[in-house]
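**Student:** this is a predicted model, with the sequence first.
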Amino acid sequence: MSANGKQLRGFKWAGDGCLGLGGPGDPWTSPQMNNEVGTIDVSPSGTFSVKNAKSTTAAPGGNGTKVTISTVNGRFTTAKTATGTITYTMKGPGGGTCPPATVRFTATAH
């Protein structure tokens, strides 16, 4: 969160969709499972959204790249907690693709 509360900076989410790139474990410690969205503007009412944010990540073992397209919609429920949805598609190395999916999230600003 920016100091003035008008932006979410460095928004990212972790997951590999249907591609199975990371296996079991903590997805936050596996770079190939992190999907960068970037900075998102926050409205005065506490809502935020971004459409079609593209993230490209190296696949494990240097075997190509994973491309994720994310649309994020959310709102702050407290000064530091937000809830919302992420709708995404993924394309992995070798042409594997995940159909569009939507997940719900709760996030805490740091």
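**Tutor:** Happy to help now that I have it.
**Student:** which one is Thr83 nearest to, not counting chain neighbours?
**Tutor:** Leaving aside its sequence neighbours, Thr83 sits nearest to Thr106 (CB to CB, 6 or more residues apart in numbering; 5.1 Å). From N, CA and C alone the C-beta is placed, and that goes for glycine too.
**Student:** same question but for Trp13, I mixed them up
**Tutor:** Nearest one to Trp13, counting by CB to CB, 6+ apart, is Asn35 at 5.3 Å.
**Student:** and the helices in the chain?
**Tutor:** Here the chain has no helices by DSSP state H.
**Student:** which residues of it score low on pLDDT?
**Tutor:** 1-5, 19-28, 60-62, 110 (pLDDT under 70).
**Student:** center of it, which residue is that?
**Tutor:** Centroid-nearest residue in the chain, with CA atoms, centre = their mean: Trp13, separated by 3.3 Å.
**Student:** relative to Gly94, how far out is that residue?
**Tutor:** Between Trp13 and Gly94 the distance is 23 Å, computed by CB to CB, to the nearest Å.
**Student:** and Phe76, by the same measure?
**Tutor:** The gap separating Phe76 from Gly94 is 40 Å, by CB to CB.
**Student:** one step back: so who does the residue nearest to Thr83 touch?
**Tutor:** For Thr106, the contact set (CB atoms under 8 Å, 6 or more residues apart in numbering) comprises 81-83.
**Student:** returning to that earlier point: burial measure for the residue nearest to Trp13, as a count.
**Tutor:** 26 (other CB atoms under 10 Å).
**Student:** relative to Gly10, how far out is it?
**Tutor:** 12 Å.
**Student:** cool, Gly94 as well?
**Tutor:** Distance, Gly94 to Gly10, by CB to CB: 30 Å.
**Student:** how deep is Ile69 tucked in, by neighbour count?
**Tutor:** Neighbours of Ile69 (other CB under 10 Å): 16.
**Student:** kindly report the same for Val67.
**Tutor:** 16.
**Student:** correct me, but Gly64 touches Gly96?
**Tutor:** No. Between Gly64 and Gly96 there is no contact under CB atoms under 8 Å: 9.9 Å.
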